[in-house]
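In: below are the sequence and a predicted model for it; my questions follow.
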Amino acid sequence: MIITIEELLNSIPEDRKTPEVIQGVKNMYTLEMERMQRYIEQAEQPQAGLQPFRSAGSQLIAELWVNDLGKPKKDQVNWHLQNTSQWLYAGCILIDNNQVSTHH
């Protein structure tokens with residue numbers, strides 16, 4: 001499930017919601033929705049998600065992905081031990097030191 005921009009912004013703790021962070025998150029959300037849509041259109045059986053921000057130390061991370069469930073599932077894992085055989089696109093929107101960025 002892909003959450004809305006409002007849900008994503010609501011998942012930021014109040015003490016981290018500066019005008020710069022809010023605008024940065026809006027910009028990255030728009031960028032990631034465009035990227036994800038391209039991969040969704042390529043998939044035979046798309047499954048996509050964007051989760052609310054979660055804390056990871058001093059960072060806030062909103063994970064995102066597009067999978068194609070039409071691809072065969074294989075024994076293919078990354079160093080997080082996540083099965084990546086059906087992944088088309090994955091990453092996150094990151095808030096760290098009041099800077100907003102994306103990572104893939």
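Out: Now that the structure is in, tell me what you want to look at.
In: show me the contacts for residue 89.
Out: By CB atoms under 8 Å, 6 or more residues apart in numbering, residue 89 lies in contact with 35-36, 39, 64-66, 104. Any C-beta I mention is one placed from the backbone N, CA and C, and that applies to glycine too.
In: again with residue 102
Out: 28, 31-32, 91-94.
In: in the sheet, who's paired with it?
Out: Going by DSSP bridges, residue 102 is paired in beta bridges with residue 93.
In: tell me the spacing between it and residue 61.
Out: Using CB to CB, to the nearest Å, one obtains 11 Å as the distance from residue 102 to residue 61.
In: touching both of these two, which residues are there?
Out: 92-94.
In: closest one of the residues you listed to residue 74?
Out: Comparing the shared contacts of residue 102 and residue 61 against residue 74 with CB to CB picks out residue 92 as the nearest, at 23.8 Å.
In: now do the SS call for residue 27.
Out: helix (DSSP: H, G, I helix; E, B strand; the rest coil).
In: for the chain, what spans make up the strands?
Out: Applying DSSP state E to the chain gives strands spanning 46-50, 54-56, 59-68, 87-96, 99-103.
In: surely residue 93 meets residue 104?
Out: No - with contact defined as CB atoms under 8 Å, residue 93 does not count as touching residue 104 (10.8 Å).
In: which residue is nearest the centroid of this structure?
Out: By CA atoms, centre = their mean, the mean C-alpha position of the chain lies nearest to residue 64, the distance being 2.3 Å.
In: grab the nearest non-local neighbour of that one.
Out: When the adjacent residues along the chain are set aside, residue 64 lies closest to residue 50, with 4.4 Å between them (CB to CB, 6 or more residues apart in numbering).
In: residue contacts, that neighbour?
Out: For residue 50, counting by CB under 8 Å, 6+ apart, the contacting residues are 1-3, 8, 32, 36, 62-64.
In: what two of these are the furthest from one another?
Out: 1 and 32 (14.6 Å).
In: can I get stretch 8-28 in CSV, CA atoms only?
Out: In CSV, the C-alpha atoms belonging to stretch 8-28 read as follows (Å, rounded to 0.1, in the frame of the first residue of the first chain):
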residue,chain,number,x,y,z
LEU,A,8,3.7,10.6,5.2
LEU,A,9,3.9,14.1,6.6
ASN,A,10,1.8,13.1,9.7
SER,A,11,4.3,10.3,10.4
ILE,A,12,7.1,12.9,11.0
PRO,A,13,7.4,13.8,14.7
GLU,A,14,6.3,17.3,15.4
ASP,A,15,9.8,18.4,16.7
ARG,A,16,11.3,17.4,13.3
LYS,A,17,8.7,19.3,11.1
THR,A,18,10.5,22.3,9.9
PRO,A,19,9.3,24.2,6.8
GLU,A,20,12.4,22.9,5.0
VAL,A,21,11.8,19.3,6.0
ILE,A,22,8.1,19.5,5.0
GLN,A,23,9.0,20.9,1.5
GLY,A,24,11.8,18.4,1.0
VAL,A,25,9.5,15.5,1.8
LYS,A,26,6.8,16.9,-0.6
ASN,A,27,9.5,17.1,-3.3
MET,A,28,10.8,13.6,-2.7
